[in-house]
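Chemist: Build me a structure from this.
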Amino acid sequence: MISNNIGLLFTFGLYLLFMLGIGIIFYRKTKNLSDYILGGRGLNSWVTAMSAQASDMSGWLLMGLPGYAYIAGLESFWIAIGLCIGTYLNWKFIAKRLRKYTEHAGNALTIPDYFENRFKDNSKALRITSAIFILIFFLIYTSSGFVAGAKLFSTVFGISYKNGLFIGAFVIISYTFLGGFMAVSWTDFFQGMIMFIAIIIVPIAGINLLGGAKSIYFSIKNINPELLNMFTKVDGSTLSIISIVSLLAWGLGYFGQPHILARFMAIRSPEKVKKARNIAMIWVTISLFSAVMIGVIGRAYLQTTLKQAEAEIIFIVLVNSFIIPIAGGVLLAAILAAIMSTADSQLLVTSSAITQDFYKVLFRKKASSRELVWISRSAVIVVAIIAYIIALNPKSSILGLVAYAWAGFGAAFGPIVLISLFWRRMTRKGAIGGILVGGIVVIIWKQLTGGIFNMYEIVPGFILSTATIIVLSLLDKKPSRDIIKEFDSINQTDQ
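Modeler: From the prediction side, this is the model:
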(Lines give C-alpha, C1' and ligand atoms only; values in the text may rest on other atoms or scores of the structure.)
Protein backbone atom coordinates (compact mmCIF):
# COMPACT_ATOMS: atom_id res chain seq x y z
CA MET A 1 0.00 0.00 0.00
CA ILE A 2 1.33 3.43 -0.92
CA SER A 3 0.87 4.74 2.62
CA ASN A 4 3.66 2.38 3.71
CA ASN A 5 6.17 3.71 1.18
CA ILE A 6 9.08 5.39 2.96
CA GLY A 7 10.13 7.27 -0.17
CA LEU A 8 6.72 8.91 -0.46
CA LEU A 9 6.72 9.96 3.18
CA PHE A 10 10.23 11.37 2.79
CA THR A 11 9.22 13.39 -0.30
CA PHE A 12 6.19 14.91 1.40
CA GLY A 13 8.15 15.66 4.57
CA LEU A 14 10.96 17.35 2.66
CA TYR A 15 8.49 19.45 0.70
CA LEU A 16 6.67 20.62 3.84
CA LEU A 17 9.94 21.54 5.56
CA PHE A 18 10.96 23.56 2.48
CA MET A 19 7.73 25.56 2.66
CA LEU A 20 8.22 26.22 6.37
CA GLY A 21 11.81 27.28 5.69
CA ILE A 22 10.62 29.97 3.29
CA GLY A 23 8.22 31.22 5.97
CA ILE A 24 11.07 31.50 8.50
CA ILE A 25 13.31 33.37 6.02
CA PHE A 26 10.67 36.03 5.33
CA TYR A 27 9.67 36.22 9.00
CA ARG A 28 13.09 37.79 9.57
CA LYS A 29 12.65 40.19 6.65
CA THR A 30 9.19 41.46 7.58
CA LYS A 31 9.57 44.93 9.08
CA ASN A 32 6.16 46.56 8.66
CA LEU A 33 2.56 45.99 7.57
CA SER A 34 3.32 46.84 3.93
CA ASP A 35 5.95 44.09 3.89
CA TYR A 36 3.56 41.60 5.49
CA ILE A 37 0.49 42.38 3.35
CA LEU A 38 2.00 43.37 -0.03
CA GLY A 39 5.71 42.53 0.12
CA GLY A 40 6.69 46.17 -0.27
CA ARG A 41 5.57 46.00 -3.92
CA GLY A 42 8.76 44.12 -4.79
CA LEU A 43 7.67 41.11 -6.89
CA ASN A 44 9.40 40.41 -10.20
CA SER A 45 7.54 39.27 -13.32
CA TRP A 46 8.11 35.55 -12.82
CA VAL A 47 7.06 35.47 -9.17
CA THR A 48 4.05 37.70 -9.88
CA ALA A 49 2.85 35.50 -12.76
CA MET A 50 3.44 32.14 -11.11
CA SER A 51 2.13 33.31 -7.76
CA ALA A 52 -1.04 34.78 -9.29
CA GLN A 53 -1.84 31.64 -11.27
CA ALA A 54 -0.90 29.17 -8.54
CA SER A 55 -3.01 31.02 -5.97
CA ASP A 56 -5.79 31.23 -8.57
CA MET A 57 -6.02 27.54 -9.45
CA SER A 58 -5.80 25.86 -6.03
CA GLY A 59 -6.54 22.19 -5.36
CA TRP A 60 -9.43 22.22 -7.78
CA LEU A 61 -7.00 22.30 -10.76
CA LEU A 62 -5.61 18.86 -9.89
CA MET A 63 -8.69 17.45 -8.16
CA GLY A 64 -11.92 19.38 -8.82
CA LEU A 65 -11.55 20.01 -12.59
CA PRO A 66 -10.16 16.55 -13.47
CA GLY A 67 -13.00 15.07 -11.40
CA TYR A 68 -15.54 17.10 -13.36
CA ALA A 69 -13.92 16.06 -16.66
CA TYR A 70 -13.99 12.43 -15.53
CA ILE A 71 -17.77 12.65 -14.98
CA ALA A 72 -18.78 15.04 -17.79
CA GLY A 73 -16.09 14.52 -20.46
CA LEU A 74 -15.26 17.30 -22.90
CA GLU A 75 -18.16 19.42 -21.63
CA SER A 76 -15.60 20.53 -19.03
CA PHE A 77 -13.62 22.30 -21.76
CA TRP A 78 -16.12 25.17 -21.58
CA ILE A 79 -14.83 25.98 -18.07
CA ALA A 80 -11.24 25.88 -19.33
CA ILE A 81 -12.08 28.19 -22.26
CA GLY A 82 -13.86 30.67 -19.98
CA LEU A 83 -10.97 30.71 -17.52
CA CYS A 84 -8.37 31.22 -20.26
CA ILE A 85 -10.29 34.19 -21.65
CA GLY A 86 -10.86 35.62 -18.17
CA THR A 87 -7.18 35.26 -17.27
CA TYR A 88 -6.06 37.13 -20.38
CA LEU A 89 -8.58 39.96 -19.98
CA ASN A 90 -7.68 40.37 -16.32
CA TRP A 91 -3.95 40.68 -17.06
CA LYS A 92 -4.55 42.82 -20.16
CA PHE A 93 -6.97 45.41 -18.79
CA ILE A 94 -6.75 45.29 -14.99
CA ALA A 95 -3.20 44.46 -13.87
CA LYS A 96 -1.21 47.48 -15.05
CA ARG A 97 -3.86 50.09 -14.31
CA LEU A 98 -4.63 48.66 -10.86
CA ARG A 99 -0.90 48.64 -10.00
CA LYS A 100 -0.65 52.34 -10.89
CA TYR A 101 -3.92 53.40 -9.28
CA THR A 102 -3.36 51.64 -5.95
CA GLU A 103 0.07 53.20 -5.50
CA HIS A 104 -1.02 56.67 -6.65
CA ALA A 105 -4.25 56.66 -4.62
CA GLY A 106 -2.86 56.66 -1.10
CA ASN A 107 -0.59 53.62 -1.55
CA ALA A 108 -3.51 51.22 -1.02
CA LEU A 109 -2.41 47.87 0.46
CA THR A 110 -5.71 45.99 0.12
CA ILE A 111 -8.69 46.04 -2.25
CA PRO A 112 -10.93 47.74 0.39
CA ASP A 113 -8.07 50.27 0.81
CA TYR A 114 -8.19 50.96 -2.91
CA PHE A 115 -11.98 51.35 -2.96
CA GLU A 116 -11.90 53.84 -0.10
CA ASN A 117 -9.05 55.88 -1.60
CA ARG A 118 -10.49 55.79 -5.12
CA PHE A 119 -13.79 57.38 -4.00
CA LYS A 120 -12.40 59.44 -1.06
CA ASP A 121 -14.86 57.71 1.26
CA ASN A 122 -14.36 59.22 4.71
CA SER A 123 -17.42 57.39 6.08
CA LYS A 124 -15.57 54.02 5.96
CA ALA A 125 -18.81 52.43 4.68
CA LEU A 126 -17.25 51.22 1.44
CA ARG A 127 -14.21 49.75 3.17
CA ILE A 128 -16.26 47.90 5.79
CA THR A 129 -18.84 46.62 3.28
CA SER A 130 -16.17 45.13 1.04
CA ALA A 131 -14.29 43.66 4.02
CA ILE A 132 -17.44 41.87 5.20
CA PHE A 133 -17.87 40.11 1.84
CA ILE A 134 -14.17 39.23 1.80
CA LEU A 135 -14.63 37.48 5.14
CA ILE A 136 -17.80 35.64 4.03
CA PHE A 137 -16.52 34.27 0.74
CA PHE A 138 -12.93 33.63 1.76
CA LEU A 139 -14.08 31.45 4.66
CA ILE A 140 -15.83 29.27 2.06
CA TYR A 141 -12.88 29.44 -0.35
CA THR A 142 -10.26 28.60 2.27
CA SER A 143 -12.31 25.68 3.53
CA SER A 144 -12.26 24.22 -0.02
CA GLY A 145 -8.47 24.12 0.18
CA PHE A 146 -8.59 22.41 3.54
CA VAL A 147 -11.03 19.83 2.15
CA ALA A 148 -8.68 19.12 -0.77
CA GLY A 149 -5.76 18.69 1.64
CA ALA A 150 -7.73 16.31 3.83
CA LYS A 151 -8.74 14.18 0.83
CA LEU A 152 -5.13 14.10 -0.36
CA PHE A 153 -3.65 12.95 2.94
CA SER A 154 -6.43 10.47 3.69
CA THR A 155 -6.21 8.88 0.21
CA VAL A 156 -2.42 8.76 -0.08
CA PHE A 157 -1.46 7.81 3.46
CA GLY A 158 -4.56 5.94 4.56
CA ILE A 159 -5.18 8.20 7.55
CA SER A 160 -8.53 9.57 8.66
CA TYR A 161 -10.08 12.58 6.95
CA LYS A 162 -9.86 14.65 10.16
CA ASN A 163 -6.18 13.87 10.70
CA GLY A 164 -5.41 14.76 7.09
CA LEU A 165 -7.34 18.00 7.53
CA PHE A 166 -5.31 18.91 10.60
CA ILE A 167 -1.91 18.26 8.99
CA GLY A 168 -2.63 20.32 5.88
CA ALA A 169 -4.14 23.21 7.82
CA PHE A 170 -1.26 23.30 10.29
CA VAL A 171 1.44 23.67 7.63
CA ILE A 172 -0.45 26.35 5.68
CA ILE A 173 -1.14 28.37 8.82
CA SER A 174 2.49 28.11 9.96
CA TYR A 175 4.28 29.67 7.00
CA THR A 176 1.52 32.21 6.31
CA PHE A 177 1.66 33.28 9.97
CA LEU A 178 5.44 33.63 9.87
CA GLY A 179 6.34 35.16 6.53
CA GLY A 180 3.30 37.01 5.24
CA PHE A 181 2.97 38.08 1.60
CA MET A 182 6.54 37.44 0.43
CA ALA A 183 6.56 33.96 1.96
CA VAL A 184 3.20 33.25 0.33
CA SER A 185 4.33 34.62 -3.05
CA TRP A 186 7.64 32.76 -3.14
CA THR A 187 6.11 29.49 -1.97
CA ASP A 188 3.46 30.02 -4.64
CA PHE A 189 6.23 30.43 -7.23
CA PHE A 190 7.77 27.07 -6.39
CA GLN A 191 4.35 25.46 -5.99
CA GLY A 192 3.30 26.77 -9.39
CA MET A 193 6.37 25.17 -10.99
CA ILE A 194 5.65 21.83 -9.32
CA MET A 195 1.98 21.97 -10.36
CA PHE A 196 2.94 22.74 -13.96
CA ILE A 197 5.38 19.83 -14.19
CA ALA A 198 2.95 17.39 -12.59
CA ILE A 199 -0.02 18.32 -14.72
CA ILE A 200 2.03 17.77 -17.89
CA ILE A 201 3.76 14.51 -16.88
CA VAL A 202 0.64 12.60 -15.78
CA PRO A 203 -1.37 12.87 -19.02
CA ILE A 204 1.75 12.16 -21.11
CA ALA A 205 2.44 9.04 -19.03
CA GLY A 206 -1.21 8.00 -19.35
CA ILE A 207 -1.29 8.42 -23.13
CA ASN A 208 1.93 6.43 -23.45
CA LEU A 209 0.86 3.54 -21.20
CA LEU A 210 -2.66 3.29 -22.68
CA GLY A 211 -1.40 2.93 -26.24
CA GLY A 212 -1.67 6.48 -27.52
CA ALA A 213 -4.35 9.12 -28.02
CA LYS A 214 -6.19 7.02 -30.63
CA SER A 215 -6.54 4.11 -28.23
CA ILE A 216 -7.88 6.42 -25.50
CA TYR A 217 -10.35 7.94 -27.97
CA PHE A 218 -11.87 4.56 -28.84
CA SER A 219 -11.92 3.48 -25.19
CA ILE A 220 -13.97 6.56 -24.28
CA LYS A 221 -16.18 6.08 -27.33
CA ASN A 222 -17.00 2.54 -26.20
CA ILE A 223 -17.83 3.77 -22.69
CA ASN A 224 -20.01 6.68 -23.83
CA PRO A 225 -19.48 8.65 -27.08
CA GLU A 226 -21.19 11.69 -25.52
CA LEU A 227 -18.13 12.15 -23.29
CA LEU A 228 -16.27 13.25 -26.45
CA ASN A 229 -18.83 15.90 -27.43
CA MET A 230 -18.53 19.43 -26.00
CA PHE A 231 -22.13 20.22 -26.98
CA THR A 232 -23.96 17.35 -25.28
CA LYS A 233 -24.43 16.05 -21.77
CA VAL A 234 -23.46 12.49 -20.90
CA ASP A 235 -27.09 11.40 -21.35
CA GLY A 236 -27.03 12.57 -24.98
CA SER A 237 -29.18 15.67 -24.53
CA THR A 238 -27.98 18.94 -26.04
CA LEU A 239 -26.11 21.24 -23.68
CA SER A 240 -28.38 24.22 -23.10
CA ILE A 241 -27.41 27.84 -23.64
CA ILE A 242 -27.77 28.35 -19.88
CA SER A 243 -25.26 25.55 -19.24
CA ILE A 244 -22.71 26.84 -21.76
CA VAL A 245 -23.01 30.42 -20.49
CA SER A 246 -22.66 29.18 -16.91
CA LEU A 247 -19.48 27.25 -17.70
CA LEU A 248 -17.92 30.09 -19.70
CA ALA A 249 -18.91 32.56 -16.97
CA TRP A 250 -16.17 31.22 -14.70
CA GLY A 251 -13.99 33.69 -16.61
CA LEU A 252 -15.97 36.63 -15.19
CA GLY A 253 -14.78 35.77 -11.71
CA TYR A 254 -11.20 36.86 -12.32
CA PHE A 255 -11.92 40.58 -12.11
CA GLY A 256 -13.00 40.33 -8.48
CA GLN A 257 -10.61 37.85 -6.81
CA PRO A 258 -8.73 39.77 -4.07
CA HIS A 259 -5.89 37.23 -3.81
CA ILE A 260 -5.16 37.54 -7.55
CA LEU A 261 -5.58 41.32 -7.64
CA ALA A 262 -3.11 41.59 -4.75
CA ARG A 263 -0.40 40.17 -7.05
CA PHE A 264 -1.07 42.91 -9.59
CA MET A 265 -0.75 45.49 -6.83
CA ALA A 266 2.56 44.01 -5.61
CA ILE A 267 4.51 43.76 -8.88
CA ARG A 268 7.71 45.83 -8.81
CA SER A 269 6.65 48.19 -11.61
CA PRO A 270 3.78 48.47 -14.13
CA GLU A 271 6.25 47.87 -16.97
CA LYS A 272 6.79 44.29 -15.78
CA VAL A 273 3.12 43.39 -16.24
CA LYS A 274 3.41 42.46 -19.94
CA LYS A 275 6.12 39.87 -19.33
CA ALA A 276 4.19 38.49 -16.37
CA ARG A 277 1.04 38.24 -18.52
CA ASN A 278 2.83 36.17 -21.16
CA ILE A 279 4.20 33.79 -18.53
CA ALA A 280 0.79 33.49 -16.88
CA MET A 281 -1.05 32.75 -20.14
CA ILE A 282 1.33 29.94 -21.12
CA TRP A 283 0.99 28.42 -17.66
CA VAL A 284 -2.77 28.63 -17.42
CA THR A 285 -3.55 27.45 -20.97
CA ILE A 286 -1.40 24.32 -20.75
CA SER A 287 -2.50 23.58 -17.16
CA LEU A 288 -6.25 23.82 -17.85
CA PHE A 289 -6.03 21.69 -21.02
CA SER A 290 -3.98 19.07 -19.16
CA ALA A 291 -6.39 19.02 -16.20
CA VAL A 292 -9.28 18.14 -18.52
CA MET A 293 -7.18 15.47 -20.23
CA ILE A 294 -6.34 13.88 -16.87
CA GLY A 295 -10.05 13.36 -16.21
CA VAL A 296 -10.66 11.92 -19.69
CA ILE A 297 -7.63 9.61 -19.51
CA GLY A 298 -8.74 8.46 -16.07
CA ARG A 299 -12.16 7.52 -17.47
CA ALA A 300 -10.49 5.45 -20.20
CA TYR A 301 -8.12 3.77 -17.73
CA LEU A 302 -10.42 2.67 -14.89
CA GLN A 303 -12.54 -0.44 -15.30
CA THR A 304 -15.05 0.67 -12.69
CA THR A 305 -16.65 4.12 -12.71
CA LEU A 306 -15.96 6.44 -9.78
CA LYS A 307 -18.93 8.22 -8.28
CA GLN A 308 -19.22 12.02 -8.11
CA ALA A 309 -17.36 12.53 -4.81
CA GLU A 310 -14.73 9.88 -5.57
CA ALA A 311 -13.98 11.36 -9.01
CA GLU A 312 -12.04 14.23 -7.43
CA ILE A 313 -9.19 11.85 -6.53
CA ILE A 314 -8.64 10.65 -10.13
CA PHE A 315 -5.27 12.48 -10.37
CA ILE A 316 -4.06 10.59 -7.28
CA VAL A 317 -5.28 7.29 -8.74
CA LEU A 318 -3.40 7.87 -12.00
CA VAL A 319 -0.18 8.88 -10.23
CA ASN A 320 -0.30 5.73 -8.11
CA SER A 321 -0.91 3.65 -11.25
CA PHE A 322 1.45 5.26 -13.78
CA ILE A 323 4.37 6.69 -11.82
CA ILE A 324 7.09 4.99 -9.72
CA PRO A 325 6.69 5.70 -5.97
CA ILE A 326 9.48 8.27 -5.40
CA ALA A 327 8.58 10.27 -8.51
CA GLY A 328 4.94 9.80 -7.55
CA GLY A 329 5.66 11.48 -4.24
CA VAL A 330 6.87 14.58 -6.07
CA LEU A 331 3.79 14.64 -8.31
CA LEU A 332 1.40 14.11 -5.42
CA ALA A 333 3.17 16.94 -3.61
CA ALA A 334 1.94 19.06 -6.52
CA ILE A 335 -1.61 18.63 -5.23
CA LEU A 336 -0.47 19.86 -1.85
CA ALA A 337 1.27 22.74 -3.64
CA ALA A 338 -1.95 23.63 -5.44
CA ILE A 339 -3.92 23.55 -2.23
CA MET A 340 -1.41 25.53 -0.19
CA SER A 341 -0.77 28.14 -2.88
CA THR A 342 -4.38 29.28 -2.76
CA ALA A 343 -5.28 28.72 0.89
CA ASP A 344 -2.28 30.73 2.10
CA SER A 345 -3.19 33.65 -0.18
CA GLN A 346 -6.77 33.60 1.00
CA LEU A 347 -5.76 33.52 4.65
CA LEU A 348 -3.46 36.47 4.09
CA VAL A 349 -6.02 38.61 2.25
CA THR A 350 -8.66 37.83 4.88
CA SER A 351 -6.34 38.66 7.75
CA SER A 352 -5.37 41.87 5.93
CA ALA A 353 -9.04 42.84 5.70
CA ILE A 354 -9.51 42.23 9.42
CA THR A 355 -6.40 44.24 10.32
CA GLN A 356 -6.66 47.13 7.87
CA ASP A 357 -10.42 47.40 7.47
CA PHE A 358 -11.78 46.53 10.93
CA TYR A 359 -9.13 46.71 13.63
CA LYS A 360 -7.30 49.82 12.43
CA VAL A 361 -10.42 51.66 11.25
CA LEU A 362 -12.80 50.88 14.11
CA PHE A 363 -10.61 50.16 17.14
CA ARG A 364 -6.99 51.36 16.91
CA LYS A 365 -6.53 54.13 14.38
CA LYS A 366 -3.07 54.93 15.76
CA ALA A 367 -1.85 51.35 16.11
CA SER A 368 1.86 50.89 15.40
CA SER A 369 3.03 49.00 12.35
CA ARG A 370 4.44 46.22 14.53
CA GLU A 371 1.13 45.89 16.37
CA LEU A 372 -0.76 45.62 13.07
CA VAL A 373 1.57 42.86 11.82
CA TRP A 374 0.84 40.80 14.93
CA ILE A 375 -2.89 41.46 14.70
CA SER A 376 -2.72 40.26 11.09
CA ARG A 377 -0.86 37.12 12.16
CA SER A 378 -3.44 36.46 14.87
CA ALA A 379 -6.22 36.92 12.34
CA VAL A 380 -4.64 34.22 10.17
CA ILE A 381 -5.12 31.73 12.98
CA VAL A 382 -8.70 32.78 13.78
CA VAL A 383 -9.83 32.65 10.15
CA ALA A 384 -8.10 29.29 9.62
CA ILE A 385 -9.88 27.79 12.62
CA ILE A 386 -13.29 28.84 11.27
CA ALA A 387 -12.44 27.50 7.79
CA TYR A 388 -11.24 24.28 9.42
CA ILE A 389 -14.61 23.85 11.14
CA ILE A 390 -16.45 24.40 7.83
CA ALA A 391 -14.19 21.79 6.17
CA LEU A 392 -14.89 19.06 8.76
CA ASN A 393 -17.61 17.53 6.55
CA PRO A 394 -15.84 14.80 4.47
CA LYS A 395 -18.64 14.87 1.87
CA SER A 396 -17.85 18.46 0.88
CA SER A 397 -17.20 19.01 -2.84
CA ILE A 398 -14.00 20.92 -3.66
CA LEU A 399 -15.38 22.23 -6.94
CA GLY A 400 -18.71 23.15 -5.34
CA LEU A 401 -17.10 25.24 -2.59
CA VAL A 402 -14.73 26.94 -5.05
CA ALA A 403 -17.57 27.72 -7.48
CA TYR A 404 -19.62 29.41 -4.73
CA ALA A 405 -16.76 31.58 -3.43
CA TRP A 406 -15.54 32.35 -6.97
CA ALA A 407 -19.01 33.60 -7.91
CA GLY A 408 -19.28 35.65 -4.74
CA PHE A 409 -16.05 37.55 -5.35
CA GLY A 410 -16.63 37.84 -9.08
CA ALA A 411 -20.07 39.40 -8.66
CA ALA A 412 -19.36 41.53 -5.58
CA PHE A 413 -15.99 42.97 -6.64
CA GLY A 414 -15.54 42.31 -10.37
CA PRO A 415 -17.83 45.09 -11.65
CA ILE A 416 -16.59 47.69 -9.17
CA VAL A 417 -12.91 46.96 -10.01
CA LEU A 418 -13.56 47.12 -13.76
CA ILE A 419 -15.76 50.20 -13.77
CA SER A 420 -13.74 52.14 -11.19
CA LEU A 421 -10.63 51.83 -13.34
CA PHE A 422 -12.29 52.93 -16.58
CA TRP A 423 -15.27 55.22 -15.77
CA ARG A 424 -14.58 58.59 -14.18
CA ARG A 425 -18.30 59.19 -13.45
CA MET A 426 -18.60 56.26 -11.03
CA THR A 427 -19.45 57.29 -7.46
CA ARG A 428 -19.14 55.96 -3.92
CA LYS A 429 -22.87 55.17 -3.72
CA GLY A 430 -22.65 53.22 -6.95
CA ALA A 431 -19.70 51.25 -5.56
CA ILE A 432 -21.44 50.36 -2.28
CA GLY A 433 -24.65 49.40 -4.09
CA GLY A 434 -22.72 47.25 -6.59
CA ILE A 435 -20.94 45.28 -3.88
CA LEU A 436 -24.13 44.70 -1.88
CA VAL A 437 -26.24 43.67 -4.87
CA GLY A 438 -23.56 41.43 -6.40
CA GLY A 439 -22.79 39.60 -3.16
CA ILE A 440 -26.39 39.23 -1.99
CA VAL A 441 -27.66 38.04 -5.39
CA VAL A 442 -25.05 35.26 -5.41
CA ILE A 443 -26.03 34.14 -1.89
CA ILE A 444 -29.76 34.09 -2.70
CA TRP A 445 -29.44 32.62 -6.21
CA LYS A 446 -27.34 29.75 -4.83
CA GLN A 447 -30.32 28.61 -2.75
CA LEU A 448 -32.74 28.46 -5.71
CA THR A 449 -33.12 25.65 -8.27
CA GLY A 450 -34.90 24.95 -11.53
CA GLY A 451 -35.21 26.80 -14.83
CA ILE A 452 -33.29 30.05 -15.00
CA PHE A 453 -31.97 29.45 -11.47
CA ASN A 454 -29.80 26.62 -12.84
CA MET A 455 -27.57 29.32 -14.31
CA TYR A 456 -24.30 29.81 -12.45
CA GLU A 457 -24.95 32.50 -9.86
CA ILE A 458 -22.04 34.67 -10.99
CA VAL A 459 -23.96 35.63 -14.17
CA PRO A 460 -26.99 37.35 -12.56
CA GLY A 461 -24.79 38.66 -9.75
CA PHE A 462 -22.32 40.29 -12.16
CA ILE A 463 -25.02 41.74 -14.44
CA LEU A 464 -27.14 43.18 -11.62
CA SER A 465 -24.09 44.56 -9.80
CA THR A 466 -22.97 46.33 -12.98
CA ALA A 467 -26.43 47.77 -13.59
CA THR A 468 -26.63 48.96 -9.97
CA ILE A 469 -23.27 50.73 -10.17
CA ILE A 470 -24.23 52.55 -13.37
CA VAL A 471 -27.75 53.55 -12.27
CA LEU A 472 -26.79 54.73 -8.76
CA SER A 473 -23.75 56.62 -10.07
CA LEU A 474 -25.83 58.47 -12.67
CA LEU A 475 -28.49 59.31 -10.07
CA ASP A 476 -25.83 60.51 -7.64
CA LYS A 477 -24.07 63.86 -7.90
CA LYS A 478 -20.89 63.93 -9.95
CA PRO A 479 -17.59 62.95 -8.27
CA SER A 480 -15.56 65.75 -6.72
CA ARG A 481 -12.94 67.66 -8.69
CA ASP A 482 -10.14 65.89 -6.75
CA ILE A 483 -11.45 62.44 -7.69
CA ILE A 484 -11.80 63.40 -11.36
CA LYS A 485 -8.32 64.98 -11.41
CA GLU A 486 -6.73 61.89 -9.88
CA PHE A 487 -8.57 59.59 -12.32
CA ASP A 488 -7.52 61.66 -15.33
CA SER A 489 -3.89 61.84 -14.25
CA ILE A 490 -3.66 58.04 -13.97
CA ASN A 491 -5.58 57.59 -17.21
CA GLN A 492 -3.11 59.85 -19.05
CA THR A 493 -0.08 57.94 -17.81
CA ASP A 494 -1.71 54.69 -18.95
CA GLN A 495 -1.93 55.75 -22.59
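Chemist: List the buried residues in stretch 295-308.
Modeler: By 16 or more other Cβ atoms under 10 Å, the buried positions in stretch 295-308 come out as 295, 296, 297, 298, 299, 300, 301, 302, 306. (Each C-beta comes from the backbone N, C-alpha and C, glycine too.)
Chemist: Distance check, the fourth one against residue 320.
Modeler: Look at residue 298 and residue 320: by Cβ to Cβ, to the nearest Å, they are 12 Å apart.
Chemist: same check, this time on the last one
Modeler: Distance of residue 306 to residue 320, given as Cβ to Cβ: 14 Å.
Chemist: again, but for the second one
Modeler: As judged by Cβ to Cβ, residue 296 and residue 320 stand 18 Å apart.
Chemist: same deal with the first one?
Modeler: As defined by Cβ to Cβ, residue 295 lies at a distance of 16 Å from residue 320.
Chemist: Where do the strands of this structure begin and end?
Modeler: Using DSSP state E, no strands are found in the chain.
Chemist: quick one: least confident helix or strand in it?
Modeler: Here the helix or strand of the chain ranked lowest by mean pLDDT, DSSP states H and E is helix 33-38, holding a mean of 50.
Chemist: any chance you could map the helices in the stretch 101-250 of the chain?
Modeler: 111-118, 125-157, 161-209, 213-223, 241-248 (DSSP state H, counting those that start in this stretch).
Chemist: would you list these in JSON lines and tack on mean neighbour count and distance to residue 85?
Modeler: Below are those laid out as JSON lines (neighbours: other Cβ atoms under 10 Å; distance: least, Cβ to Cβ, whole Å):
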{"stretch": "helix 111-118", "mean neighbour count": "26", "distance to residue 85": "22"}
{"stretch": "helix 125-157", "mean neighbour count": "25", "distance to residue 85": "22"}
{"stretch": "helix 161-209", "mean neighbour count": "22", "distance to residue 85": "20"}
{"stretch": "helix 213-223", "mean neighbour count": "14", "distance to residue 85": "26"}
{"stretch": "helix 241-248", "mean neighbour count": "17", "distance to residue 85": "8"}
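Chemist: For residue 409, find the nearest of the ones you listed.
Modeler: Closest approach to residue 409 among those (Cβ to Cβ): helix 125-157, 5.4 Å.
Chemist: Quick one: mean pLDDT over that closest one.
Modeler: Helix 125-157 carries an average pLDDT of 83.
Chemist: orientation of it relative to helix 111-118 in degrees?
Modeler: Relative orientation of helix 125-157 and helix 111-118, computed by axes from the mean of the first three to the mean of the last three Cα atoms, to 10 degrees: 160 degrees.
Chemist: so what does helix 125-157 touch, helix or strand wise?
Modeler: Where contact means 3 or more Cβ pairs under 8 Å, 6 or more residues apart in numbering; DSSP states H and E, helix 125-157 is packed against helix 111-118, helix 161-209, helix 314-322, helix 325-354, helix 369-390, helix 398-422, helix 428-446.
Chemist: Confidence-wise, which of those helices is weakest overall?
Modeler: When I compare the helices and strands packed on helix 125-157, helix 325-354 is least confident, with a mean of 70.
Chemist: For residue 111, give its distance to residue 252.
Modeler: 17 Å.
Chemist: whoops, I mixed them up, residue 318
Modeler: 31 Å.
Chemist: Same list, the helices of the stretch 101-250 of the chain, but as TSV with distance to residue 290 please.
Modeler: Below are the helices of the stretch 101-250 of the chain laid out as TSV (distance: least, Cβ to Cβ, whole Å):
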stretch	distance to residue 290
helix 111-118	31
helix 125-157	18
helix 161-209	4
helix 213-223	13
helix 241-248	18
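Chemist: Just tell me which of these ends up closest to residue 443.
Modeler: helix 125-157 (8.1 Å).
Chemist: now the closest one against helix 369-390, angle please.
Modeler: Using the same axes, to 10 degrees: helix 125-157 against helix 369-390 is 50 degrees.
Chemist: the inter-axis angle of helix 125-157 versus helix 398-422?
Modeler: Using the same axes, to 10 degrees: helix 125-157 against helix 398-422 is 150 degrees.
Chemist: Please shift the residue numbers so they start at 25 in all later answers.
Modeler: Done: numbering now begins at 25, and the last item shifts to helix 149-181.
Chemist: Let me know the angle separating helix 149-181 from helix 452-470.
Modeler: 40 degrees.
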